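**Student:** output the structure for:
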Amino acid sequence: ADCRKDLAAAQPLVEEAKAALDTLDKASLTELKSMSRPPEDVVMVTAAVKVLTSDPRRIPNSKQRDWANCKQMMANVGQWMNSLIAFDQDNIPQACVDAIQGYVSNPA
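**Tutor:** Here you go, the predicted model:
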């Protein structure tokens, strides 16, 4: 019962994220990558993406989620964009889901 409740609560967020992903283009992601000091919310979102897309056996620690490391994740913008589009949101490893809870519960 709790899982269904959690899923129902998360579904609108997933749909919103999918819609936002459809608006991304290579130029926007290149601009994102070029930021030297982005707003903290930008760093938080890219860090969460880094965690969600990581190998569940090698989830980056908090120091590995800083802006410099997030920019490395975006090194090849076209490849990164394609990986975001192809991301399988239905099969996210539980370890990755657990590791982003601090981002999900952050009201910012």
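**Student:** alpha carbons only for contacts and neighbour counts from here, please
**Tutor:** Will do.
**Student:** what does Glu40 show for phi and psi?
**Tutor:** phi -60, psi -40 (degrees, to the nearest 10).
**Student:** which residue is nearest the middle of this protein?
**Tutor:** Nearest to the mean C-alpha position of the chain, by CA atoms, centre = their mean, lies Val49 at 1.8 Å.
**Student:** what strand or helix carries that one?
**Tutor:** Val49 belongs to helix 40-52 when assigned by DSSP states H and E.
**Student:** for the helix or strand that that helix is followed by, packing partners?
**Tutor:** Sequence-wise, the next helix or strand downstream of helix 40-52 (DSSP H and E) is helix 67-73. Where contact means 3 or more CA pairs under 8 Å, 6 or more residues apart in numbering; DSSP states H and E, helix 67-73 is packed against helix 40-52.
**Student:** off-centre distance for the helix it packs on?
**Tutor:** 5 Å (CA atoms, centre = their mean, to the nearest Å).
**Student:** now that helix: average pLDDT?
**Tutor:** Mean pLDDT, helix 40-52: 91.
**Student:** run through who's touching it.
**Tutor:** For helix 40-52, the external contacting residues (CA atoms under 8 Å, 6 or more residues apart in numbering) are 59-60, 65-67, 70, 73, 92, 96-97, 99-100, 103, 108.
**Student:** buried residues in that helix?
**Tutor:** Val43, Met44, Thr46, Ala47, Ala48, Val49, Lys50, Val51, Leu52 (16 or more other CA atoms under 10 Å).
**Student:** tell me the one of those residues nearest Lys5?
**Tutor:** Leu52 (21.4 Å; CA to CA).
**Student:** separation between that closest one and Ser28?
**Tutor:** Distance, Leu52 to Ser28, using CA to CA, to the nearest Å: 21 Å.
**Student:** quick one: low-confidence parts of this protein?
**Tutor:** 1-3, 6-11, 13, 107-108 (pLDDT under 70).
**Student:** that's all I had, so thanks and see you.
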